[in-house]
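# No sequence on hand, only this structure:
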Ligand SMILES: Nc1ncnc2c1ncn2[C@@H]1O[C@H](COP(=O)(O)OP(=O)(O)OP(=O)(O)O)[C@@H](O)[C@H]1O
Ligand code: SF4
Ligand SMILES: [Mg+2]
């Protein structure tokens with residue numbers, strides 16, 4: 001295994017208190033097509049990721065996780081709002097500065113093969129990135145081997161083509177490719193969910209080790225709370241394009257406040273089957289307390305969440321106010337924010353109007 005030298009550590013802090021990544025009121029609307037309404041994929045998301053930490057983002061399919069990932073790494077422009085890396089906005093300033101800033105954040109996709117060219121052997125894929133960014137120009141071959149060592153593959157994989165790799169090996173190459181540009185932040189969009197269950201833990205352990213060695217910051221996306229709970233310092237729960245709860249991982253997991261987070265937490269498998277609800281009960285809660293077949297999942301297309309809570313159709317504890325006013329994300333305890341009228345009232349705060 002190649003040793004990580006101090007010079008190779010590209011993460012770390014840019015100064016006391018400066019978050020590695022921050023987004024402010026980030027929104028993304030996809031314009032209507034064929035008389036379909038506009039898709040409000042993201043509806044104003046704000047958070048920050050302290051340097052060297054892992055920020056978990058969790059939510060069901062369609063809530064906007066991948067849209068968020070694409071905006072953060074600049075693959076798409078937001079409709080409104082801003083992304084800051086190390087305290088600097090990525091959309092302002094001279095072009096050269098913006099390019100240098102963009103290099104600091106890299107995305108690892110769910111499907112590793114989607115980021116690898118099937119006609120290109122592993123070494124060339126890595127070499128190409130180094131060449132493009134003029135990195136290690138005098139020792140690129142050596143650097144390619146270092147990168148392969150970093151993801152525990154080794155130089156013997158250098159000549160392989162993507163079709164000669166397993167899913168886990170391909171994801172290691174995709175991670176090496178992201179690391180080649182020496183980023184400070186990795187956005188990991190469900191990096192293990194397309195892989196065999198048997199290799200998921202290996203990739204997770206690899207990511208944890210790399211983070212430690214390179215002092216990287218992670219934004220770790222998953223639809224599965226049980227996945228983010230082991231790696232995250234902070235967790236944001238998303239529902240239909242908004243963050244509905246955010247806080248330190250233990251606060252969100254041990255004392256979830258939003259009914260949606262509680263349903264997600266209850267569905268997490270626990271060793272003692274008597275310690276939590278049955279999965280049937282958990283499902284009933286997550287679909288509005290009904291035991292009969294759940295309604296069609298609400299879509300980002302059809303919720304007017306300016307005048308009511310978007311979770312209302314599925315909420316088992318809704319009150320009248322929930323249909324009259326939309327809640328907003330508000331502090332409910334130390335380091336813990338929630339967007340829910342009932343949770344805010346239970347925490348002794350006023351109505352959480354938006
Ligand atoms: N290019 C696009 N054009 C129109 N709508 C889009 C586009 N990309 C995403 N959407 C819509 O935006 C919403 C959020 O999609 P997104 O892929 O971000 O969700 P997700 O949380 O990543 O879901 P999953 O867990 O299935 O990956 C969905 O309603 C989706 O259909
Ligand atoms: S605001 Fe009301 S409807 Fe929305 S999650 Fe809270 S209790 Fe449920
Ligand atoms: Mg996605």
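Structure's in. What do you need? All of these numbers come straight from a predicted model, not from anything done at the bench. Ligands and ions are numbered 1, 2, ... in the order given.

# Can you tell me the SS state at residue 145?
Of the three states, residue 145 takes helix under DSSP: H, G, I helix; E, B strand; the rest coil.

# How much space separates it from residue 174?
From residue 145 across to residue 174, the span is 17 Å (Cβ to Cβ, to the nearest Å). From N, CA and C alone the C-beta is placed, and that goes for glycine too.

# Now stretch 102-112: average pLDDT?
For stretch 102-112, mean pLDDT rounds to 95.

# Can you list the neighbours in contact with it?
Contacts to stretch 102-112, defined as Cβ atoms under 8 Å, 6 or more residues apart in numbering, come from residues 21, 69-70, 72-75, 85-86, 90, 115, 133, 167, 170-171, 173-175, 178-179, 181-191, 193-194.

# What are the buried residues along stretch 90-107?
Residues of stretch 90-107 classed as buried: 90, 98, 101-107 (neighbour count, 16 or more other Cβ atoms under 10 Å).

# quick one: stretch 63-83 to chain centroid distance?
From the chain centre to the centre of stretch 63-83 is a distance of 11 Å (Cα atoms, centre = their mean, to the nearest Å).

# Show me the contact partners of it.
So stretch 63-83 is contacted by 21-29, 41-46, 57, 59, 89-91, 102, 105-107, 187, 189-190, 219, 221, 223, 238-241, 300 (Cβ under 8 Å, 6+ apart).

# Also stretch 121-134?
103, 116-117, 120, 135-137, 140-141, 143-144, 147-148, 153, 157-162, 165, 173, 176-177, 180-181.

# For the residue nearest to residue 67 when sequence neighbours are not counted, the count of nearby residues, please.
Distance criterion Cβ to Cβ, 6 or more residues apart in numbering; nearest residue to residue 67, sequence neighbours excluded, is residue 41 at 4.3 Å. The number of residues packed near residue 41 is 24, by other Cβ atoms under 10 Å.

# For ligand 2, what's its nearest residue on the stretch 151-300 of the chain.
residue 259 (4.9 Å; Cβ to the nearest ligand atom).

# tell me the contacts of that residue?
Residues near residue 259 by Cβ under 8 Å, 6+ apart: 285, 311, 315-317, 340, 342-343.

# Can you flag the buried ones in the residues you listed?
285, 311, 315, 340, 342-343.

# roughly how far apart are residue 131 and residue 164?
Plainly put, residue 131 is 23 Å away from residue 164 if you go by Cβ to Cβ.

# hmm, back to that, write the ChimeraX selection for whichever of the contacts of stretch 102-112 are buried.
The buried residues among the contacts of stretch 102-112 can be selected in ChimeraX (16+ other Cβ under 10 Å) with this line:
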select :21,69,70,72,73,74,85,86,90,115,167,170,171,173,174,175,178,179,181,182,183,184,185,186,187,188,189,190,191,194
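
# thought residue 228 was touching residue 58?
Yes: using Cβ atoms under 8 Å as the test, residue 228 is close enough to residue 58 to be in contact (5.2 Å).

# who touches both of the two?
Shared contacts of residue 228 and residue 58 (Cβ under 8 Å, 6+ apart): 222, 235.

# now the strands for the stretch 51-200 of the chain?
For the stretch 51-200 of the chain, the strands defined by DSSP state E, counting those that start in this stretch cover 54-58, 80-85, 88-89, 105-108, 185-189.

# Next, see if the last one gets close to ligand 1.
No: contact between strand 185-189 and ligand 1 is absent, the nearest approach being 7.3 Å (criterion: Cβ under 6 Å from any ligand atom).

# Next, the angle from that strand to strand 80-85.
Here the directions of strand 185-189 and strand 80-85 differ by 120 degrees (axes from the mean of the first three to the mean of the last three Cα atoms, to 10 degrees).

# which outside residues touch strand 185-189?
In contact with strand 185-189 (Cβ under 8 Å, 6+ apart) are residues 11, 20-21, 49, 65-66, 69, 72-73, 85, 104-110, 175, 178, 207, 216-221.

# Now do the buried residues in stretch 114-128.
Counting neighbours by 16+ other Cβ under 10 Å, stretch 114-128 gives 115-116, 121-127 as buried.
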